[in-house]
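Asker: just a sequence and a predicted model for now, questions to come.
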Amino acid sequence: MSFPLLTATAALPAIGAVATAAVPAAQRTAAKWLALLVSLATLALAITVLVRFDPDGARYQLTESHAWIKDFGVRYDLGVDGIAVALLALTALLIPFIVLAGWHDADPLETGSKRWRPTQGFFALILAVEAMVIISFEATDVFVFYIFFEVMLIPMYFLIGGFGDRAHEHGEKAASTQRSYAAVKFLLYNLVGGLIMLAAVIGLYVVAGNFSLPEIVQARANGSLHMATSTERWLFLGFFFAFAVKAPLWPLHTWLPNAMQEATAPVAVLITAVVDKVGTFAMLRFCLQLFPEASKWATPAILVLSLISIVYGALLAVGQRDIKRLVAYASISHFGFIIMGIFAMTSQGQSGATLYMVNHGISTAALMLVAGFLISRRGSRLIADYGGVQKVAPLLAGTFLIGGLATLSLPGLAPFVSEFLVLVGTFARYPAIGVIATFGIVLAALYTLVLYQRTMTGPVKPEVSAMPDLRARELVVVAPLIVLLIFLGVYPKPVTDIVNPAVKQTMTDVHKTDPKPSVEAAK
Amino acid sequence: MENLIALLIAAPLLGAAVLLVGGRRLDAVGHWIGTLLSTVSFVFGLILFVDLLGKGAEHRTLIKHLYSWVPVAGFQADVTFRLDQLSMTFVLLITGVGSLIHLYSVGYMEHDERRRRFFGYLNLFLAAMLLLVLADNYLLLYVGWEGVGLASYLLIGFWQHKPSAATAAKKAFLVNRVGDMGLSIAIMLMFTTFGSFAFGPVLNHAGDASEGKLTAIGLMLLLAACGKSAQVPLQSWLGDAMEGPTPVSALIHAATMVTAGVYLIVRSGAVFNAAPDAQLAVTVVGAVTLLFGAIVGCAKDDIKKALAGSTMSQIGYMILAAGLGPIGYVFAIMHLVTHGFFKAGLFLGAGSVMHGMNDEVDMRKYGGLRTYMPVTFITFGLGYLAIIGFPGLSGFFSKDKIIEAAFAKGGTEGWILGGAALLGAAITAFYMTRVMLMTFFGEKRWQPDENGHEPHPHESPRVMTIPMILLAVGSVCAGGLFSIGDRFLHWLEPITGHSEGNSPLSAAAVTGATMVCLVIGVGIAWAQYGRGPVPVVAPRGSLLTRAARRDLLQDDFNHVVLVRGGEHLTRSLVYVDHTLVDGVVNGTAAGFGGLSGRLRRIQNGFARSYAVSMFGGAALLVAATLLMRAV
Amino acid sequence: MNPVNYLYLSALLFTIGATGVLIRRNAIVVFMCIELMLNACNLAFVVFSRMHGNLDGQIIAFFTMVVAAAEVVVGLAIIVSLFRTRHSASVDDASLMKL
Amino acid sequence: MSATVVHSLWTTAADPISKIPAPKIEYGQLSPTLIVVGAALVGVLVEAFVPRKSRYYAQVFVSVVALCAAFAAVVALAADGYGTTKAHIAAMGAIAVDGPSLFLQGTILLAGLVGLFTFAERRLDPAAHGNRVDSFAAQAASVPGGDSEKAAVKAGFTTTEVFPLLLFAIAGMLVFPSANDLLTLFVALEVFSLPLYLLCALARRKRLMSQEAAVKYFLLGAFASAFTLFGIALLYGYAGSVSYARIAQVVDGTVTNVDPALANTMGNDALLLLGSALIVMGLLFKVGAVPFHMWTPDVYQGAPTPVTGFMAAATKVAAFGALLRLLYVVLPGMRWDWRPVMWAVAIITMLGGAIVAITQTDIKRLLAYSSIAHAGFILAGVIATSKDGVSSVLFYLAGYSFVTIGAFAVVTLVRDAGGEATHLSKWAGLGRRSPLVAAVFAVFLLAFAGIPLTSGFAGKFAVFKAAADGGAAPLVVVGVISSAIAAFFYIRVIVLMFFSEPKPEGPTVAVPSPLTMAAIGMGVAVTLVLGVAPQYFLNLASQAGVFVR
């Protein structure tokens, strides 16, 4: 019985959350530092996982298995494959930045009652989310995954509804109402998705008799577990719906803009860069592996939906007046790419999609956090309220630009690699869809540059004339992200090497092989 | 030796990094660092050049594999550089002209507090451009391709406080993105066709692929070229790009970046050779653009915009040549190089003029400047002679060859293309003469500006004039140097291949025709601007003139169709998203709320009505049970 | 005479009682109607016991009476207290809580 | 029927007493019930003889001891194997001592104990004239607001009778699920109903509503039990016996020694169907299933909150126990008749409860409707008609009852001048004022909503799993949908507590005595334990999943 590394990786932030919440009201700063330290320690653990993980080794590694709820056929099974490891690392990596970026977001305006401790709560909730996300990446037992997939909503819900941008064009009252609207919308959307998935989970149990992903896949492969076509399709839809809400896929996306708009920038990053990844990850791990045939059956429809997401999201991003909403719709467009890559059923597509999840996490974090710094300075989310920032705060503008360029996936920055892989992977099987998706890169350039032009360039607006440039803390947050963006753009091999074997496995699970180049095919 | 290739790129990249990250403390020396590093890279280029010359014609391709970039199953993208005669030519042009312009900018940007950043961007551009021409596979080329796009975006918008500059920068990037779309689709097609997108596999097996696929690839590459090289229909950005500082216009929007399209097509020659339809499309685009640009050039009063039009048209020539296949490749590149010299020279001259005239760009407010800035006048003049193809100067050789090649295409196509090329030559002569006359001849037409500053023209400092002189030398000699004994032909042939084609006209005839056109063009210009005084306020002009002033209504079209249409589309989509997609959900919620509100009325508080419901329920229960048994 | 007729009678009584509950306002009367229903049940028990020829039914009838008595105690207590509060024994007046 | 037979009846009836065999009663196995009943009687005596000042303490003491002892007895019996191997029918076939009954009795006793704590709470209201007051009327007989009431309050009277009443109710509930013949069933039904009717009328504040609740509950309850009784009569007529085993045999047609006298009524399915339908209706009334639910909101709102909590928890447990036994022991033979009907009932119950709850504005009514919805979920498990079904329902009930009592206990804490502030608008911003209470309540709400890692989720999963296994997949889907709807209003409350600004004249949160704290703590503990590590209890439930026949 070796050291339960995976459990530790999830348990540490969980314990940290409790500890942070327990910090007395007066010691706000202590709570912050505690949270930061815990997240860093978690990062250290995650890196250990990364190191201990052998890309060419067994499919699931560092596995742990304990009996949990026998009557439900549930085992506490953990294990990571390349995809999970990559996302695990991403999560652990982003949280410290999120904590650091949100350093002052939860300072109470007025010191209310003794027992009201928003700051402690804020950081505790972030850590709680981290713990749940991590364990849902690690779970190889469908039920365990489902549980944390669902519970995750609760802390997220409080994060969205409880903390928001201080300034609001219609005052604090309107802000709080809109916040709780956004929070409720977020929770209900995902809860409905989750409950429909619950039905499917139960169905899966009725069919399979247990929840162990490897066992079910095994059983299906060697034919010992037969699933009627219709059953498989229904179950697939049940699972996919939940993940599509989480991802989010058009037309289930409308909760994301509200949530990201109302939440503070760090929380918005938490939503789109970390939590939503669970959805796309789960498509790759559960939908494809558990229901290969149904996945293939649904592929055309899903590809069309993702295509719509790509174009639709980008176009709406162009039409936004609110910086955070714009980023949200951009993310919807990007999630379209991810899902498209997953269901293109080619190695390039799926490796690209996984890589995309990582890169999108980093790039959105960079862009959104800088946007958050910007908003916190001027106290407005409206693009129209800015102008000429570049002149007064060149550093801020520069980082913002780089974040933007990453979002439009400029070659040399990380997202380009993944986006191109997804496109190629899709094009190889569905040329038409691939070509249309390529329009997305033009639109991406459009909304990013329009945003940059309207906010950063032009004559300096009087309101922003006194705007300070990035502070040390903020620079510490942004600089590493940018370095990562460039590094992974120039040298993504480390990630692809981890991901590729896992993708190869998935491809074999769905009995798909990459299409041959026509020249070879001719020969 | 191979490692030097990497260093070639590394030098300016390092410069960019240092200058951009370095911060204010480098403000004092930043420009020198930039210039130094670009020169270093030029020196490396020379060393490699000498090394290549040392080798036999067939051993002149150096490959440097750096590392595996994106390895995913069949998709293998490496960071590999290829230095052969073609890329060598570009390396020298880029680094050479680049270094000169760096030097020039030291003077030109002297009074700009963000000069360090300017040089950072310039170095970034050099690095990207070198990556573009040295890449050994299309994906890596794509990186350079967008890299130069980014650099040009940053440099066009360098004076960001000017909304016009910011807009122009954005426009340039967007239009280029459309082109990039073509390039990326082309790469995907290559991948699905050849299972690779490295030059070797693609170009060597081009023959094996079906012509349809190749045509598709070719057209997509052409789209990319149109975007980058401002060819019709994607030319609209180049004019606005003149918002950038003049050295930028000289380096990026005249000498190097805009010619990347030509490089792409020539580099992909093997594909085009096997796809005649694509080639035809290329030639058509080229011919149309060379006329389009020339006509626009005639109407502009803004000296830079006029030159921009001419750039467009000259690149039209190159594209045309490139479209002609092996007949034209070499001359396309040759004209590209010579054009690099004289057009850069012309722009620097224009910059020097503006420098002396408080950044006035309207030629109608110039006049008679030859006395005030002699050096500028002479260098500009030489460039002028070169571009109109004055016998003996570089433009004469390169352009003449292209016209010949165009006829040599044979058939009606040949005649049409050749005719277009000739006409272009005439118009070129016209508008360049116009620029020359309006700027340096006639009486002075400048007045004090609104706040009473009387511009007092003066010659630019030496740091600016030296590059101009050098470029002038280049534009005088380059042509001869290349053509005498077909040196350039033999140099490039191993890469591009060459064939004479069968010209219906003798070379002499073509040259003669060109000369005639030249004389006509110059004559008309002299008649219009040389004899009488030039009106300070532009006359209304003919319909064509007015159209030409507005880039032949191309921008209006874009504005109406794309911009307005796009705005409407997005606005309506935002509405749809809010009312329809979101509305459905909120509607459902509201529906349940309403239902609930209605149902709770049943709970009216009267015990007896509760009893009724129980009684009814019991009855139903009984009835249902009995029913179940009945059925 | 066929004991089944007594069953019909008991059913009739039961229905009358139920109807009374539904239509009468006065709590006392409603309560009486319920008692009537209980007694209808008693009748049924007795009849069945007669038909089956075993005594269970009759014994149950006794139980029922006891239970009914207990109900009277509790019921009257509640109703009386309600009456003293509101000076009306109408069931419909007691409708503070609704919706 | 011939005269001789009639004569024979007379003679048998007229036989000398000595011939009647003395009934054999297994006191040991009935001890839980007997202990509670005994304690209740003691409580009555306490009322009679102990001086007023010390009655409260005496009563609480007696009740606590009794309940603990009874629970110990249950545990002992279970440990002795009566739940599994030695399960059998005691008291001349009147009482079944088997897994389900022991499990449910244990649950009821614990719930009763916790409920007792909330009954005994005396710190929430400020002391009146130096006397601690609980949530019950000083003197039930006195007119609200009348002089006699004032006098009673001044004199510091308290209705300590509630404790014996509670014990009687519990006793009835203990018998209800283990009753093995229809007569016992009916008597038990009345035994636990009548005290509840009274308890409902005893609120200290808002007495009009309290009395109204009592009247409604009483009249409707009596009405329902009349139906039940008639149903019993019909079944008796059908089978000639009220013993479950006997009826089951007749239903299955495996009856031995058919007595010719029965021939004409026996097997008359009209009687069977009518009878069973009416009995089931009576039970559905108790569990509050649509359309027999309408008493629930009013009574829950009007009754004293501790009573509501206890009622909501224990009544459901007992009633579902009885329903299970009836359907699984007596009527398995006619499964195909009642299953579709129950399907319909379950569906409208789930949806009805969830939908109507959306627009509620009073926290107690809200919980009432949510309890209706939950009744629907449990019915889904009942319908499974499998061992899994039984154990899942048992598990669900165990989890649900503690959450309910805990939730209502929290409701008692939030008070303003008029007593408990049950209107939702007053709960705004509670999370700011007293985060702990709000957090606890949020936990209960999440459990109701069935969020994972709470007992609510484990229970719901178990029930739905059983239902799906039993081929009721559509029910599962409906259940899932209605849980989604239900989630909406649970979340609404959470939003109200945490995200909306507290009102200046908002309610205060009383600091309770350890009693209520214990009740709430118990609720939280059970919620989390059954949510995170339910295996042990699932084992218990599944061992207890077999009815003795």
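Answerer: All right, it came through fine.

Asker: from here on, contacts and neighbour counts on C-alpha atoms
Answerer: OK.

Asker: pLDDT on the helix or strand where D:Tyr57 lies, on average?
Answerer: When elements are assigned from DSSP states H and E, D:Tyr57 belongs to helix D:52-79. If you average the pLDDT over helix D:52-79, you get 94.

Asker: quick one: C:Met97 is in a strand?
Answerer: No - secondary structure assignment places C:Met97 outside any strand; it is coil (DSSP: H, G, I helix; E, B strand; the rest coil).

Asker: now the helix holding D:Tyr57: buried residues?
Answerer: Across helix D:52-79, burial judged by 16 or more other C-alpha atoms under 10 Å in any protein chain shown covers D:55-56, D:58-60, D:62-71, D:73-75, D:77-78.

Asker: can you narrow those down to the ones near chain B?
Answerer: Applying C-alpha under 8 Å from any C-alpha of the partner chain, the subset of the buried residues of helix D:52-79 adjacent to chain B is empty.

Asker: what's next to stretch B:261-280, contact-wise?
Answerer: With contact meaning C-alpha atoms under 8 Å, 6 or more residues apart in numbering or on different chains, stretch B:261-280 is reached by B:133, B:203-204, B:206-207, B:211-212, B:214-219, B:221-222, B:224-229, B:315, B:318-319, B:322-326, B:329, B:332-333, B:496.

Asker: of those, keep whichever come out buried.
Answerer: Here, 16+ other C-alpha under 10 Å leaves B:133, B:203, B:206-207, B:211, B:214-219, B:221-222, B:224-229, B:315, B:318-319, B:322-326, B:329, B:332-333, B:496 buried among these.

Asker: which helix of chain A spans the most residues?
Answerer: helix A:171-208 (DSSP state H).

Asker: so is that one next to chain D?
Answerer: Yes - using C-alpha under 8 Å from any C-alpha, helix A:171-208 reaches chain D at A:176-177, A:180, A:184, A:188, A:191-192, A:195-196, A:198-199, A:202-203, A:205-206.

Asker: pull up the residues of chain C that are close to chain D.
Answerer: So chain C meets chain D at C:18, C:21, C:30-31, C:34, C:37-38, C:40-42, C:44-45, C:48-49, C:51-54, C:56-57, C:60, C:63, C:67, C:71, C:74-75, C:78-79, C:81-82, C:84-85, C:94-99 (C-alpha under 8 Å from any C-alpha).

Asker: which members of these are positioned in helices?
Answerer: Filtering those for helices - DSSP H - leaves C:18, C:21, C:30-31, C:34, C:37-38, C:40-42, C:44-45, C:48-49, C:51-52, C:56-57, C:60, C:63, C:67, C:71, C:74-75, C:78-79, C:81-82, C:84-85.

Asker: derive a PyMOL selection command for the buried subset of those.
Answerer: Buried residues among those (16+ other C-alpha under 10 Å), as a PyMOL selection:
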select buried, chain C and resi 18+21+30+31+34+37+38+40+41+42+44+45+48+49+51+52+56+57+60+63+67+71+74+75+78+79+81+82+85
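
Asker: packing partners for whatever helix or strand B:Met614 lives in?
Answerer: For B:Met614, the host element (DSSP H and E) is helix B:607-630. In terms of contacts (3 or more C-alpha pairs under 8 Å, 6 or more residues apart in numbering or on different chains; DSSP states H and E), helix B:607-630 is packed against helix C:4-23, helix D:207-239, helix D:269-287, helix D:335-357.

Asker: buried stuff in the helix or strand following the second one?
Answerer: The one in question is helix D:207-239. Downstream of helix D:207-239, the first helix or strand assigned by DSSP H and E is helix D:244-252. Across helix D:244-252, burial judged by 16+ other C-alpha under 10 Å covers D:Tyr244, D:Ala245, D:Arg246, D:Ile247, D:Ala248, D:Gln249, D:Val250, D:Val251.

Asker: name the nearest residue to D:Leu453, sequence neighbours excluded.
Answerer: The shortest distance from D:Leu453 to any non-neighbouring residue, by C-alpha to C-alpha, 6 or more residues apart in numbering or on different chains, is to D:Gly531 (4.3 Å).

Asker: how about the contacts made by that neighbour?
Answerer: Per C-alpha under 8 Å, 6+ apart, neighbours of D:Gly531: D:Pro452, D:Leu453, D:Thr454, D:Ser455, D:Gly456, D:Phe457, D:Ala458.

Asker: let's see 6 Å
Answerer: Applying C-alpha atoms under 6 Å, 6 or more residues apart in numbering or on different chains to D:Gly531 gives the contacts D:Leu453, D:Thr454, D:Ser455, D:Ala458.
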